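quick one: sequence plus predicted model below, questions after.
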Amino acid sequence: MRATRGTRPDELRDGLYGRLSLVPWLYPGEAGSARAPKSRMSAIVQFENVGLRYGLDSETLSDVSFSLASGGFYFLTGASGAGKTSLLKLLYLAQRPSRGVIRLFGEDVVTLPRKRLPGFRRRIGVVFQDFRLVPHLSVYDNIALPLRVAGMEEADIDAPVSEMLNWVGLGDRGQARPATLSGGEQQRVAIARAVIGRPEILVADEPTGNVDADMARRLLTLFEALNRLGTTIVVATHDLPLIAQVSSAQMMKLDRGRLSDPTGSLRYPPKPQAAG
Amino acid sequence: MAPPGRIADRRAAAAARHRLLPEGRVAGPMPWIIAIMMFLTILSAAAALGLGAAVQAMGADLAGRATVQIVEANAQQRDRLSAHVAQALRKVGYVSAVKPIAAATLADQIRPWLGQDAASGDLPIPALIDIELTPGQTDAKVGRLRRQLSAVSPKIRIEPHAAFLAPLAGLLSALGWLAAGIVLLMTLATGAVVVLAARAAHDSHRGTIDVLHLMGATDVQIARLFQRRIGLDALFGGALGFTVALLVIVLLGTRLLAAGSELLSAIHLPWAGWAILAAIPVACVALATLAARWTVLRSLGRLL
């Protein structure tokens, strides 16, 4: 695994408490700790000197380099406007970077032919900040959407959708339209939709922003359960108490478009291994 | 054959797919616009085909036909000359039929304009002999006959029917081409309407498309939703426009026949014409479906 921007791992580790330009998995001293996540594999996401610019504006993201280990649990935090959503957009392939290299599942997705991108997107579940539920579809159909897009047989769809509906506490609202749900209920539908396809990476943009503490805890439990099954979780949030609840998680902080200090919350990054 | 469970599953899957875009068939102006365009297209096509058939029939009827006129004021000399010419014409190898027009028939034909005096015999009406020539080289044969008949008498003239009906045939032909041009323009307009409708539908469902796109739906998967919707609109509009146009054509046909005019009754639709008319709505649905697919694929191609 290469060091970000040519920086040696030991420099980066020093940076954790010093300069704090970080790449979460590049802290060999912490790797192998008892609290380090188990069964970590190679990098599933790699950003190398990624920059993103909208039009002629200044860069929204600059020189972003990091790598996420397969099976890791990551929080992305930062002030409003720091570029969290932009970074997530790059991650779930809604946007191409202006520069730099992004590797997902070991492949450079920046230069990947467009027709191959759907296959990658199906491996990524997304919880959008604004939910993006399809308004004319029932809750059931919204949750079933990724399975149908993936071409799953209709007979095989009912069981997982019903189970997911029950899990997010909406078992009796399957036929309701999103507009009739509260904000918290809509968010749960969005989360159910994102996770039902058992994605390899789950990207969530402020997933607990509209739910009460109890539901936030339950959602986090679901994310952890998915994580234990091997799904890499990336959650953008302002909610520091939420971050504190996931002991195995690591944190990345964005500051004005650049990755910066993890504010000391970066815990036990996974052991770095050679990519690919 | 697929087992019933499999068929039910496919139906359920199709129904689920179709729900991805809001249902609401025959909602919005699209089917009605297509119905109106189909109505006009079918009428134009019927006019083009009918006039084309009329021009063709007229050409076939008139080609090789001519009328020999004996313009002689003296009735006795005229009758004598007419009989002589008819006899001479029957001996010409490339003249296949010779039919002198009876004076009474001529009088009947001009009576509407000249009244009862037409048959009095006081009017110097030319004697007419209709002839048919063997097929091919009509102009050359007419020219040869003209020279031969002029040698018999300068009062004998020959008029090929095609010559004096040529302006009418030209007019009908022009009208036919005009109708064909209108069909072409209507086809282009239909395509443009479908493209605009597909773009509007694409824009109004942008949110749904973005979600599907980010879930990994392929462009073709998304385009299929739109092409089906617009295809159904085109099917409804096409069927409606075709049916109404058909009723109008049948009604016009009966009115043409009722007019009793030999010229107007030449305007008819051959069986091939009916088949072409029936194929137009099918082609419209195919055109609409393809245009919708192309439009949506192009729009999606601009996304990442």
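Perfect, I can see it now. Numbering: from 1, shown residues only, chains lettered A, B, ... in the order given.

so for the helix or strand where B:Leu165 lies, what's the average pLDDT?
Assigned by DSSP states H and E, B:Leu165 belongs to helix B:161-204. Per-region confidence: helix B:161-204 scores 84 on mean pLDDT.

chain center to the helix or strand following it, what's the gap?
Downstream of helix B:161-204, the first helix or strand assigned by DSSP H and E is helix B:206-214. Helix B:206-214 sits 46 Å away from the centroid of its parent chain (Cα atoms, centre = their mean, to the nearest Å).

elements contacting helix B:206-214?
Helix B:206-214 sits against helix A:139-149, helix B:219-259, with contacts defined as 3 or more Cβ pairs under 8 Å, 6 or more residues apart in numbering or on different chains; DSSP states H and E. Where C-beta positions appear, they are placed from N, C-alpha and C, glycine not excepted.

those helices into CSV, with extra columns for mean neighbour count, mean pLDDT and distance to B:Gly207?
Supplementary listing: the helices and strands packed on helix B:206-214 in CSV, determined by neighbours: other Cβ atoms under 10 Å in any protein chain shown; pLDDT from 0 to 100; distance: least, Cβ to Cβ, whole Å:
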stretch, mean neighbour count, mean pLDDT, distance to B:Gly207
helix A:139-149, 24, 93, 12
helix B:219-259, 19, 89, 13
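
going by contacts, tell me the helices and strands next to the helix holding B:Leu165.
If you count contacts as 3+ Cβ pairs under 8 Å, 6+ apart, helix B:161-204 packs onto helix B:30-62, strand B:65-70, helix B:219-259, helix B:271-301.

what's the angle between it and strand B:65-70?
Angle, helix B:161-204 to strand B:65-70, by axes from the mean of the first three to the mean of the last three Cα atoms, to 10 degrees: 140 degrees.

any chance of the helices and strands packed on helix B:161-204 in TSV, plus distance to B:Thr105?
Below are the helices and strands packed on helix B:161-204 laid out as TSV (distance: least, Cβ to Cβ, whole Å):
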stretch	distance to B:Thr105
helix B:30-62	19
strand B:65-70	13
helix B:219-259	22
helix B:271-301	34
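
quick one: closest of those to A:Ile124.
For the helices and strands packed on helix B:161-204, the distance to A:Ile124 is smallest for helix B:219-259, at 17.1 Å, taking Cβ to Cβ.

starting at the chain centroid, how far to that closest one?
Worked out by Cα atoms, centre = their mean, helix B:219-259 lies 17 Å from the chain centre.

residue contacts, the residue in chain B positioned nearest to chain A?
Per Cβ to the nearest Cβ, B:Gly216 is where chain B lies closest to chain A, at 3.4 Å. By Cβ atoms under 8 Å, 6 or more residues apart in numbering or on different chains, the residues touching B:Gly216 are A:Pro118, A:Gly119, A:Phe120, A:Arg121, A:Arg122, A:Arg123, A:Pro146, A:Val149, A:Ala150.

for B:Leu303, same thing?
Taking Cβ under 8 Å, 6+ apart as the test, what B:Leu303 contacts is B:Asp210, B:His213.

can you tell me how far it is from A:Ala244?
From B:Leu303 across to A:Ala244, the span is 38 Å (Cβ to Cβ, to the nearest Å).

also B:Ser44?
As defined by Cβ to Cβ, B:Ser44 lies at a distance of 75 Å from A:Ala244.

chain A against chain B: which residues are in contact?
Within reach of chain B by Cβ under 8 Å from any Cβ of the partner chain, chain A has these residues: A:92-96, A:114-115, A:117-123, A:126, A:132, A:134-137, A:141, A:144-146, A:148-150, A:153-155.

in strands only, show me those residues.
Judged by DSSP state E, the residues of chain A next to chain B include A:Val126 as members of strands.

among the residues of chain A next to chain B, which ones are buried?
A:92-96, A:117-118, A:120-122, A:126, A:132, A:134, A:136-137, A:141, A:144-146, A:148-149, A:154 (16 or more other Cβ atoms under 10 Å in any protein chain shown).

okay, now the unreliable bits of the chain?
Going with chain A. A:1-41, A:261-276 (pLDDT under 70).

hm, I was asking about chain B
B:1-6, B:9, B:23-27, B:61, B:117-121, B:262-263, B:265.

can you tell me how far the spatially most central residue of it sits from B:Cys284?
In chain B, the centroid-proximal residue (Cα atoms, centre = their mean) is B:Leu49; its distance is 1.6 Å. Using Cβ to Cβ, we find B:Leu49 at a distance of 17 Å from B:Cys284.

show me the beta-bridge partners of A:Ala236.
Judged by DSSP bridges, the bridge partners of A:Ala236 are A:Leu76, A:Asp205.

which parts of the stretch 1-150 of chain A are helices?
Along the stretch 1-150 of chain A, the stretches classed as helices by DSSP state H, counting those that start in this stretch are A:9-17, A:84-91, A:117-121, A:139-149.

pipe the ones you listed into a markdown table and attach distance to B:Phe164 per row.
What follows is the helices of the stretch 1-150 of chain A, written out as a markdown table (distance: least, Cβ to Cβ, whole Å):
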| stretch | distance to B:Phe164 |
| --- | --- |
| helix A:9-17 | 101 |
| helix A:84-91 | 78 |
| helix A:117-121 | 70 |
| helix A:139-149 | 72 |
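
these: which one's closest to B:Val211?
The stretch from the helices of the stretch 1-150 of chain A with the least distance to B:Val211 (Cβ to Cβ) is helix A:139-149; that distance is 7.3 Å.

got the angle for the closest one vs helix B:219-259?
Counting by the same axes, to 10 degrees, helix A:139-149 lies at 100 degrees to helix B:219-259.

centre of the chain to the helix or strand just after helix A:139-149, how far?
Sequence-wise, the next helix or strand downstream of helix A:139-149 (DSSP H and E) is helix A:158-167. Relative to its chain's centre, helix A:158-167 lies at 22 Å (Cα atoms, centre = their mean).

output the contacting helices and strands for helix A:158-167.
Against helix A:158-167 (3+ Cβ pairs under 8 Å, 6+ apart) you get helix A:139-149, helix A:183-195.

could you redo the last one with a cut-off of 10 Å?
Where contact means 3 or more Cβ pairs under 10 Å, 6 or more residues apart in numbering or on different chains; DSSP states H and E, helix A:158-167 is packed against helix A:139-149, helix A:183-195, helix A:213-228.

apart from its neighbours in sequence, what residue is nearest B:Glu132?
B:Ala97 (4.1 Å; Cβ to Cβ, 6 or more residues apart in numbering or on different chains).

how many residues are close by A:Gly55?
4 (other Cβ atoms under 10 Å in any protein chain shown).

show me what contacts residue 148?
Just so you know, I chose chain A. A:Arg148 makes contact with A:Asp141, A:Glu154, A:Ile157, B:Ala13, B:Ala16, B:Arg17, B:Arg19, B:Leu20, B:Leu212, B:Met215, B:Ala217, B:Gln221, according to Cβ atoms under 10 Å, 6 or more residues apart in numbering or on different chains.

not quite, I wanted chain B
Counting by Cβ under 10 Å, 6+ apart, B:Gln148 touches B:Val85, B:Ala88, B:Leu89, B:Val92, B:Ile156, B:Ile158.

at 7 Å instead, please
Residues near B:Gln148 by Cβ atoms under 7 Å, 6 or more residues apart in numbering or on different chains: none.

the one 5 residues further on now?
Applying Cβ under 7 Å, 6+ apart, we find B:Ser153 in contact with B:Leu81.

quick check: the gap between it and B:Leu49.
Counting by Cβ to Cβ, the gap from B:Ser153 to B:Leu49 is 46 Å.
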